[in-house]
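Asks: Below are the sequence and a predicted model for it; my questions follow.
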Amino acid sequence: MPQAVTMGAVLQCTFGVAPSSLIVTPENKVLQTTPVATIMDHIPFKNILPFAMCTSPANPAVAAATAAALGVLTPMPCIPMTIAPWLPSSVTVLTGNKPTLNNTCKLMCMWGGCINVVSPGQIPVQVKD
């Protein structure tokens with residue numbers, strides 16, 4: 001079952017070497033005290049932080065470093081290039097008049113990476129009877 005994604009969710013890019021955190025600014029988006037993400041929370045360095053190093057050959061910095069190393073893949077610092085919103089959106093749940101981001105959504109990087117939600121930022125609590 002899809003879960004809403006909140007501030008502090010853990011993200012992973014297919015070409016990144018380390019996970020990253022999602023930053024959600026609290027404009028009209030609060031679930032108790034934690035801001036809830038929408039599909040529009042895709043802005044590099046505002047919402048999407050770097051994934052340490054990038055290994056995508058489509059990234060010009062990686063391509064240049066790889067060429068300089070005579071074809072040996074050379075990772076370079078990650079600079080997220082997420083220019084489009086998260087997909088697919090949840091049109092049935094709105095947060096701040098925008099579709100709410102859930103943990104099944106994907107975000108594409110211009111360098112070919114697919115960013116996934118590893119942990120939605122919510123911790124399920126079990127209630128004992």
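Replies: Perfect, thanks for sending it. Residues are numbered from 1 along each chain as shown.
Asks: and the next element down the chain from the helix or strand bottoming out on mean pLDDT in the chain?
Replies: Ranking every helix and strand in the chain by mean pLDDT, DSSP states H and E puts strand 30-31 at the bottom, with a mean of 60. Beyond strand 30-31 in the direction of the C-terminus, DSSP states H and E gives the next helix or strand as strand 34-35.
Asks: now the protein, which segments are flagged as low pLDDT?
Replies: 28-32, 90, 123-129 (pLDDT under 70).
Asks: Strands along that one, start to end?
Replies: 10-13, 20-21, 30-31, 34-35, 53-54, 76-77, 90-95, 98-100, 106-108, 114-119 (DSSP state E).
Asks: Is it possible to get CSV of the ones you listed that adds distance to residue 45?
Replies: In this view, the C-beta of every residue, glycine as well, is placed from N, C-alpha and C. Formatted as CSV, the strands of the chain follow (distance: least, Cβ to Cβ, whole Å):
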stretch, distance to residue 45
strand 10-13, 14
strand 20-21, 11
strand 30-31, 23
strand 34-35, 17
strand 53-54, 14
strand 76-77, 12
strand 90-95, 22
strand 98-100, 20
strand 106-108, 14
strand 114-119, 14
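Asks: As a markdown table, those with distance to residue 42 and mean neighbour count would be great.
Replies: Shown next, in a markdown table, are the strands of the chain (distance: least, Cβ to Cβ, whole Å; neighbours: other Cβ atoms under 10 Å):
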| stretch | distance to residue 42 | mean neighbour count |
| --- | --- | --- |
| strand 10-13 | 11 | 20 |
| strand 20-21 | 13 | 18 |
| strand 30-31 | 19 | 14 |
| strand 34-35 | 15 | 19 |
| strand 53-54 | 17 | 20 |
| strand 76-77 | 20 | 14 |
| strand 90-95 | 14 | 14 |
| strand 98-100 | 11 | 19 |
| strand 106-108 | 6 | 18 |
| strand 114-119 | 9 | 17 |
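Asks: closest to residue 43 out of those?
Replies: strand 106-108 (10.9 Å; Cβ to Cβ).
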